[in-house]
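> Need coordinates for the following:
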Amino acid sequence: MLNDIRDYIKSDGNVKENNGITLSVVLNTEGITRKVIVTIAAISEDGIKSLTSTAGINKTYSSGTKEILETCEITENGIYIFTVENEKGQKSSRGILIDNILDGIIKMVPDKTIITKDNVQLTITWPEGSEKGTKEIKVGNNAWQSASSNTSVIEVTENCVVRARLSNSSEEVVQGSITISNIDKNHPIVTASPGIEEIKNGDSINLNRYFTVNQNGIAPIEKIAYTDTSNGNKEITNVNTLSAGTHVIKCTAIKTTGLSASATKTIVVEKGVYANLYKINDIEYHLIFNSTGNIAQGYTQEQLVCGSEDISNGRAYTAPWKEYLGDIKRVIIEEEISPKSTELYFQGLSSINTIENLENLKTDNVTSMYRMFYECSSLTSLDLQHFNTSNVENMHGMFSCCEKLQTVNISSFDTSRVINMELCFNLVKA
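Sure, this is the predicted structure:
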């Protein structure tokens, strides 16, 4: 029987058997397809009694039927036998081999599913039997491109939809698609606020205030780092760690893809002026000026009574140590300070007879010396020859009520801009 079937396979047209039955079995397509429509035609002058098939057909006909025309739908590959029997009991059979029905899908697998800055390699596996059809791939808006092998590998360089289709001569039999959305080749965008920022030494400002970071794509920002390029690229987060001077701060944003971008901001840290009060014993206190507010050399945290905010703009009378004016026996300017105003700096320090390291007080930028030494009633002499007063406009009551002051060296004073000198030496005997 098997040999007979092989004789039937792939034959077409009409075959007239010796038994007087002409049987034709024709496929609608030999190209790839999801289903095959088979047309069965038979003629017998002796009348057709029945049509049976391994494809599931089982039909009988009324007496005297000499011609039949039937169709059936086949959705699985295989060998199928069609048999026609006439009214004399004679049979004629035809066999067909169907091997062009696709059973499967187009598989599309990317090599990366997480966000990446690299191309995505996409492997397309075509279903078995696809070699009988036309395979095509379309990447994004590009034209369809032919594929030949059973496995196609393509490089996807940007986010898009990749389509694949398998067609016969008249229709698209199977298709597949995948959306590639995990490619991000964009660097982040980092911008710095315009201009040069001037701050005081010790100011507490987070550096993110000066920079704007945009991830610019789908990959999130993994890290933002701030480095002081003026100090060996030391990583910082707040300006309060910056020393006095000019600093170029770099903000670097890094995405999860590893792509990064930077911007720089120039920050000028001006020296501040701070005065801390230390208790030496129950009746003696020392007032130490410096540019940081840190514990002065030779003193301890335990001795610290109180400290001031930055008084580089003057108005020192608001400092908490003003409550101890009569108990302050010693004033030291520990390091160079450069205030813009020395208003009321030493006012009311009635128990001091000298100000140590006064030469560390740089007055180049000072505009007001209002009551600077007012009521320093124990001072006997002041050497101010190092003072630069070229920008000073107000010397009102500067030495007023310094009753014991005998000598004042103001040989370097430039009073060309001074507007107010009222009571400058009021009650001074010098």
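> CA only for contacts and neighbour counts going forward, please
Will do.
> list the contacts for I311?
Contacts for I311 (Cα atoms under 8 Å, 6 or more residues apart in numbering) come out as 272-274, 339.
> What of P320?
By Cα under 8 Å, 6+ apart, the neighbours of P320 are 306-308.
> I'd like to know which of those are buried.
Neighbour counting with 16 or more other Cα atoms under 10 Å marks 307-308 as buried within those.
> Need the contacts of P320 in TSV (columns: distance to T65).
Below are the contacts of P320 laid out as TSV (distance: Cα to Cα, whole Å):
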residue	distance to T65
C306	121
G307	120
S308	119
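> Which pair of the contacts of I311 spans the longest distance?
Spanning the widest gap among these are Y274 and P339, at 10.0 Å by Cα to Cα.
> Test for you: state the pLDDT assigned to the residue lying farthest from the centre of the chain.
Distance from the C-alpha centroid of the chain peaks at K88, with 85.8 Å (Cα atoms, centre = their mean). Looking at K88, its pLDDT is 93.
> same question, L102
The per-residue pLDDT reported for L102 equals 87.
> got it, and A319?
Looking at A319, its pLDDT stands at 80.
> isn't it right up against G307?
Yes - using Cα atoms under 8 Å, A319 is in contact with G307, at 7.4 Å.
> follow-up on the earlier one: could I get the contacts of P320 in a markdown table, plus columns for secondary structure?
Shown next, in a markdown table, are the contacts of P320 (DSSP: H, G, I helix; E, B strand; the rest coil):
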| residue | secondary structure |
| --- | --- |
| C306 | strand |
| G307 | strand |
| S308 | coil |
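> My reading is that E302 lies in a helix. Confirm?
Yes - under three-state DSSP, E302 sits within a helix.
> State the number of residues packed around it.
Here the number of neighbours of E302 (other Cα atoms under 10 Å) works out to 8.
> cool, the one 10 residues further on as well?
By other Cα under 10 Å, the residues close to S312 number 23.
> residues contacting it?
Counting by Cα under 8 Å, 6+ apart, S312 touches 272-274, 338-342.
> got a list of contacts for the host helix or strand of V109?
According to DSSP states H and E, V109 maps onto strand 107-110. With contact meaning Cα under 8 Å, 6+ apart, strand 107-110 is reached by 120-127, 176-178.
> any idea how far it is from the chain center?
Distance of strand 107-110 from its chain centroid, counting by Cα atoms, centre = their mean, to the nearest Å, is 28 Å.
> Rounded mean pLDDT for that strand, please.
On average, the pLDDT along strand 107-110 is 97.
> what's the neighbour count on the closest residue to L23 other than its chain neighbours?
Once flanking residues are discounted, L23 sits nearest to A42: 4.5 Å by Cα to Cα, 6 or more residues apart in numbering. Counted with other Cα under 10 Å, the neighbours of A42 add up to 23.
> Which secondary structure element is home to A42?
Using DSSP H and E, the element containing A42 is strand 36-44.
> Run me through the strand neighbours of that strand, direction for each.
With DSSP bridges as the test, strand 36-44 is paired with strand 21-27 (antiparallel), strand 67-74 (antiparallel).
> thinking again about what came up before, list the contacts for the residue nearest to L23?
Going by Cα under 8 Å, 6+ apart, A42 touches 21-24, 67-69, 84.
> on that earlier part again, of all the residues in the strand holding A42, which ones are buried?
Residues of strand 36-44 classed as buried by neighbour count (16+ other Cα under 10 Å): 36, 38, 40-44.
> try stretch 109-116
110, 115-116.
> Same check on stretch 412-420?
Counting neighbours by 16+ other Cα under 10 Å, stretch 412-420 gives 415, 418, 420 as buried.
> quick check, distance from that stretch to the centre of its chain.
In this view, stretch 412-420 has its centroid 56 Å away from the chain centroid, taken as Cα atoms, centre = their mean.
> ditto for stretch 292-310
Worked out by Cα atoms, centre = their mean, stretch 292-310 lies 43 Å from the chain centre.
> for the strand or helix carrying S152, packing partners?
Element membership of S152 [criterion: DSSP H and E] is strand 151-156. The helices and strands touching strand 151-156, judged by 3 or more Cα pairs under 8 Å, 6 or more residues apart in numbering; DSSP states H and E, are strand 120-125.
> could you dump the strand it packs on to CSV, C-alpha only?
Extracted in CSV, the C-alpha atoms of strand 120-125 (Å, rounded to 0.1, in the frame of the first residue of the first chain):
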residue,chain,number,x,y,z
VAL,A,120,20.9,45.5,20.6
GLN,A,121,21.6,42.3,18.7
LEU,A,122,18.3,40.7,17.7
THR,A,123,18.1,37.0,16.8
ILE,A,124,15.1,36.0,14.6
THR,A,125,14.4,32.3,14.3
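> Given that strand, what are its sheet partners and their directions?
By DSSP bridges, strand 120-125 pairs with strand 107-110 (antiparallel), strand 151-156 (antiparallel).
> Tell me which residues are up against the helix or strand just after it.
The helix or strand immediately downstream of strand 120-125 is strand 134-139, counting by DSSP H and E. Contacts with strand 134-139, where a contact means Cα under 8 Å, 6+ apart, come from 144-148, 156, 160-168.
> Kindly report the same for stretch 116-127.
Under Cα under 8 Å, 6+ apart, the answer for stretch 116-127 is 102-112, 150-158, 182-186, 219, 257, 259.
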